[in-house]
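**Student:** After the sequence you'll find the predicted model.
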Amino acid sequence: MDSPTLRRTTQDAGRWTPLIFLLFILMGLRFVAPSVTVGDSGEFATAASTLSIAHPPGFPLYALAGKAVGTLLPLGGWAFRTNLFSLLCSAAALALFFDLAVVAGLGALPAGFAAALLAASPILLYNSFVTEVFALNLLAGVAALRLLVDPLLPPARVAAAGGLLLGLAAGSHQTIVLILPAALLALWLRTASAPRFARVLAWSAAGFALGFSVYLFLPIRSAHGPPLDWGHPADWQSAWHVILRKDYGSLALTVDAPLARTPGNAALQAGRWLVALWAQWGPAAALSVFGAFVWTGTGLGLPVLLVFAFFTGPFFLLLGNPPMNAELEGALPRFYLLSLLPLALLAGAGFRWLLTRSRAALLLLSLPVMLLAYGRPSWDARWDLLAYDYGRSVLRSLSPGSALFMDGGDDTFYTLAFLHLAEGRRGDAELHDRGGLIYRNAYGPDFRRLNHDEKEVRRRLIEAQFAATRPLFYSTMNPGILPGYALAPVGLVQQARAPDAHGRALPPLWPFYVLRAEDRLTRAHYRYRALAPFPFFMKGLGALESRDPASAGLNMGEALLRGADALWVKGNVAYALGFGAWRAGVEGDWARAERLYAWENRLVPEDIPGWMNHGVALEKLGRLEQAEILERRAVALDPRHADAWYALGALYWKKQEWKSAAEAFAQVVALRADPAAAEYLRRAREKAGP
């Protein structure tokens, strides 16, 4: 495409790009979330509103840009402003993407189709309506492609501007550097000379270094004690620790152990990306494959697009090699947004080719509309109030002048950070996270340097001091978190109480809560399924405390129903019911213990101790035949479970069935060194006789 033609094409595209921007804004205003949402939303809204440092790598560009936009658009609270910031970024990205597609030679209608297909992606839409960093990252990716496609810019200028852009954008999300291989390939194809390419690389490196200097924000801001101060990067050593994400393992996506690097697992990672692509566009994704065969775009060769898609998609997964679980399957698709850019361009090329052959191809314009309608339940955030209501209700649970220590849960950490630190709610209460990372560290300046055991000793010492001077609450699922104190459920939190504490009953807070959960979002997003069950779990704990097995079982069942694949739910439900049943047994109420174990068996049938202990409860009630059925169920579930065999042997001992008792204790001895079981085995054989 010659220069005059390119200028005319750019001018033609320029007539439409503002309209695309405005149309997406107008649509988005109808669906944008009203406040803080699940996941990292509360943390990023707090970082922007208070110029704070979020979790590694700190996200300085997001904090600075979010603060600027939120200040210039003072509409509603800060969470709503940062939600609008995401909407603005996505609208700008789509408008610029249309311009990019036109300049790449697709023509106005195919470029509009490509932009519409991209806009209909559920992951793009959802991340456009909530506070997250991915819309800003997408805008940076589109801007980088737009630089590469413009033949009027000299390669050195493209390299310098692109390097500056990527360096800056790395302060929003570091996955932007995955664009580099495609960018370098495009620059190499334009220079076709090693000396010229070396000069281009130098310009690119200089621009990147200048842009990456946005990370100077971390030590400068940390030195002034912001409300959120992850890792306290006030010196260069701490700053690099945060920037390189060393707490997460730098290249790892999570703290979970990655999969082994085998060909089979590599295929598995590529497959999960293809599945995610299908979830965005369904059969329309085939247009991208077809477009790769008919691509004739200018400025961006097919190899550049394919390299771009590979490194921002499958390679991203191969690099981190994350494990396969429901939590990651729910979190990963938003990381694939960048890889949709070249695929949408290719889909536009496929549409253009078909359109030149038949006007019937115009029917494909309905595809983005159908995708929007079909996917709406997963991205319409207008009534997304689950996290906001949850955080408000937690703060409502705290008595005046109290302290709350949080023992895990991003939705608790970040939602309360926003409500408490950014909006200033409950200034009378003192909030801390037990990791000493998010809120002001209550455990001393040396806490992060202590080993695991030393940290636990320090935690208990400091928290006991809090409990002695003010009401102390916990957000935890560990009933033994503070030795010497019992945890009493108070709505969504638990209060630490000395065993000899007396006084009025704890207040019934549930009638005073507002907890709105959209079932469609719960079905669509793992993070909703991780939070939505928690109120029911806490209701179940309260019922256990009030000795109501039926209510405990029903609420725990509701928690399992709402969070079927949430990693925390099943194990904690089993533990809570089992612990409640054990406590009932200690109190001598074996009838209540038996009912609770029955609920555990019904809700978590794979939990072997539940069957085993249920049998013990039936034995205590004199129902020995029923007890035998359950004890045999336990050993059938896992024939190598020594404790289950021991419980079965003890039951047969009580029934004086010596031969069966000997067989059970023989299994225990075969599985582990157990002197007591060996003695019972000897005596059972003696009693059984020859």
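**Tutor:** Looks like it came in fine. Numbers count the residues shown, from 1 in each chain.

**Student:** ok, then the element right after the lowest-mean-pLDDT helix or strand in the chain?
**Tutor:** The helix or strand of the chain with the poorest confidence is helix 3-31; it has a mean of 78 (mean pLDDT, DSSP states H and E). Per DSSP states H and E, the first helix or strand lying C-terminal to helix 3-31 is helix 41-50.

**Student:** Just give me the residue closest to the centre of this structure.
**Tutor:** Nearest residue to the geometric centre of the chain (CA atoms, centre = their mean): residue 331, 4.9 Å.

**Student:** Report the mean per-residue pLDDT for the helix or strand hosting it.
**Tutor:** Using DSSP H and E, residue 331 falls within helix 326-331. Summarised as a single mean, pLDDT over helix 326-331 is 83.

**Student:** Check stretch 292-306 too.
**Tutor:** Stretch 292-306 shows a mean pLDDT of 88.

**Student:** go on, stretch 549-558?
**Tutor:** pLDDT averaged over stretch 549-558 gives 96.

**Student:** Give me the distance between that stretch and the centre of its chain.
**Tutor:** Per CA atoms, centre = their mean, to the nearest Å, the displacement of stretch 549-558 from the mean C-alpha position of its chain is 27 Å.

**Student:** again with stretch 198-209
**Tutor:** 35 Å.

**Student:** got the buried residues for that stretch?
**Tutor:** Residues of stretch 198-209 classed as buried by neighbour count (16 or more other CB atoms under 10 Å): 200-201, 203-204, 207-208. C-betas here are computed from N, CA, C, even on glycine.

**Student:** mind checking pLDDT for the closest residue to the residue nearest to the centre of the chain other than its chain neighbours?
**Tutor:** In space, and not counting its chain neighbours, residue 331 is closest to residue 526: 6.9 Å by CB to CB, 6 or more residues apart in numbering. Residue 526 is assigned 92 on the pLDDT scale.

**Student:** all strands of the chain, in order?
**Tutor:** Remark: strands assigned in the chain by DSSP state E are 403-406, 430-433, 472-475, 486-490, 493-497.

**Student:** If you count contacts, what does the fourth one end up packed against?
**Tutor:** This means strand 486-490. Judged by 3 or more CB pairs under 8 Å, 6 or more residues apart in numbering; DSSP states H and E, the packing partners of strand 486-490 are strand 493-497, helix 534-545.

**Student:** Tell me who's in contact with residue 18.
**Tutor:** With contacts defined as CB atoms under 8 Å, 6 or more residues apart in numbering, residue 18 is in contact with residue 95.

**Student:** any idea how far it is from residue 111?
**Tutor:** Look at residue 18 and residue 111: by CB to CB, to the nearest Å, they are 15 Å apart.

**Student:** just residue 83 next, same as before
**Tutor:** Note on residue 83: its distance to residue 111, by CB to CB, is 28 Å.

**Student:** ok so, going back, the residue nearest to residue 331 against residue 566, yeah?
**Tutor:** Yes - counting by CB atoms under 8 Å, residue 526 does reach residue 566; the two are 7.2 Å apart.

**Student:** Overlap in contacts, those two.
**Tutor:** Contact criterion CB under 8 Å, 6+ apart; residues shared by residue 526 and residue 566: 326-327.

**Student:** all helices of the stretch 501-650 of the chain, in order?
**Tutor:** For the stretch 501-650 of the chain, the helices defined by DSSP state H, counting those that start in this stretch cover 519-524, 526-531, 534-545, 549-562, 569-586, 590-603, 608-620, 624-637, 642-655.

**Student:** Go through stretch 375-382 and flag the buried ones.
**Tutor:** Under 16+ other CB under 10 Å, the buried positions of stretch 375-382 are 375, 378-381.

**Student:** and the helix holding residue 331, what does it pack onto?
**Tutor:** helix 526-531.

**Student:** how far does the helix it packs on sit from the chain's center?
**Tutor:** Helix 526-531 has its C-alpha centroid displaced from the chain centroid by 9 Å (CA atoms, centre = their mean).

**Student:** Alpha carbons only: can I get that helix in CSV?
**Tutor:** Extracted C-alpha coordinates of helix 526-531, given in CSV (Å, rounded to 0.1, in the frame of the first residue of the first chain):
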residue,chain,number,x,y,z
TYR,A,526,-15.0,-19.9,39.7
ARG,A,527,-14.3,-16.9,41.9
TYR,A,528,-18.0,-16.5,42.6
ARG,A,529,-18.3,-20.2,43.4
ALA,A,530,-15.5,-19.7,45.8
LEU,A,531,-17.2,-16.9,47.7
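
**Student:** List the contacts of that helix.
**Tutor:** Outside helix 526-531, the residues within contact range by CB under 8 Å, 6+ apart are 38-39, 326-327, 329-331, 386-387, 390, 411, 517-518, 521-523, 562-568.

**Student:** repeat that with 10 Å
**Tutor:** With contacts defined as CB atoms under 10 Å, 6 or more residues apart in numbering, helix 526-531 is touched by 37-41, 325-332, 384, 386-387, 390, 409-412, 415, 517-523, 525, 562-569.

**Student:** Also stretch 179-186?
**Tutor:** 140-141, 144-145, 147-149, 155, 158-159, 162-163, 165-166, 169, 177, 197, 200-201, 204, 208, 299-301, 303-312, 315, 338, 341-342.

**Student:** That one - what's its average pLDDT?
**Tutor:** For stretch 179-186, the mean per-residue pLDDT is 93.

**Student:** Likewise for stretch 162-171?
**Tutor:** 94.

**Student:** ditto for stretch 591-606
**Tutor:** Average pLDDT, stretch 591-606: 96.

**Student:** circling back to that earlier point, give me the buried entries from the contacts of helix 526-531.
**Tutor:** 37-41, 327-328, 330-332, 384, 386-387, 390, 409-412, 415, 517-518, 521-522, 525, 562-563, 566, 568-569.

**Student:** what number of residues lie near the closest residue to residue 246 other than its chain neighbours?
**Tutor:** Take residue 246 and drop its neighbours on the chain: the residue closest to it by CB to CB, 6+ apart is residue 56, 7.6 Å away. When neighbours are defined as other CB atoms under 10 Å, residue 56 has 21 of them.

**Student:** could you list every residue that touches residue 56?
**Tutor:** Contact analysis of residue 56 by CB under 10 Å, 6+ apart lists 174, 218, 230-231, 233, 241-248, 250, 437.

**Student:** Please identify which two of the residues you listed are farthest apart in space.
**Tutor:** Within the contacts of residue 56, 174 and 437 form the most distant pair, 19.3 Å apart (CB to CB).

**Student:** Low-confidence ranges, the stretch 251-400 of the chain, go.
**Tutor:** 251-257 (pLDDT under 70).

**Student:** And the helices in it, which stretches?
**Tutor:** Under DSSP H, counting those that start in this stretch, the stretch 251-400 of the chain gives helices at 263-281, 286-294, 302-312, 314-320, 326-331, 337-357, 366-379, 386-397.

**Student:** Quick check: which of those helices is buried the most?
**Tutor:** helix 337-357 (a mean of 24; mean count of other CB atoms under 10 Å).

**Student:** Report all helices and strands that that helix contacts.
**Tutor:** If you count contacts as 3 or more CB pairs under 10 Å, 6 or more residues apart in numbering; DSSP states H and E, helix 337-357 packs onto helix 78-103, helix 108-119, helix 122-128, helix 134-149, helix 263-281, helix 286-294, helix 302-312, helix 314-320.

**Student:** Turn these into a markdown table, including distance to residue 638.
**Tutor:** What follows is these, written out as a markdown table (distance: least, CB to CB, whole Å):
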| stretch | distance to residue 638 |
| --- | --- |
| helix 78-103 | 47 |
| helix 108-119 | 50 |
| helix 122-128 | 40 |
| helix 134-149 | 43 |
| helix 263-281 | 28 |
| helix 286-294 | 46 |
| helix 302-312 | 44 |
| helix 314-320 | 33 |
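
**Student:** That'll do, ta.
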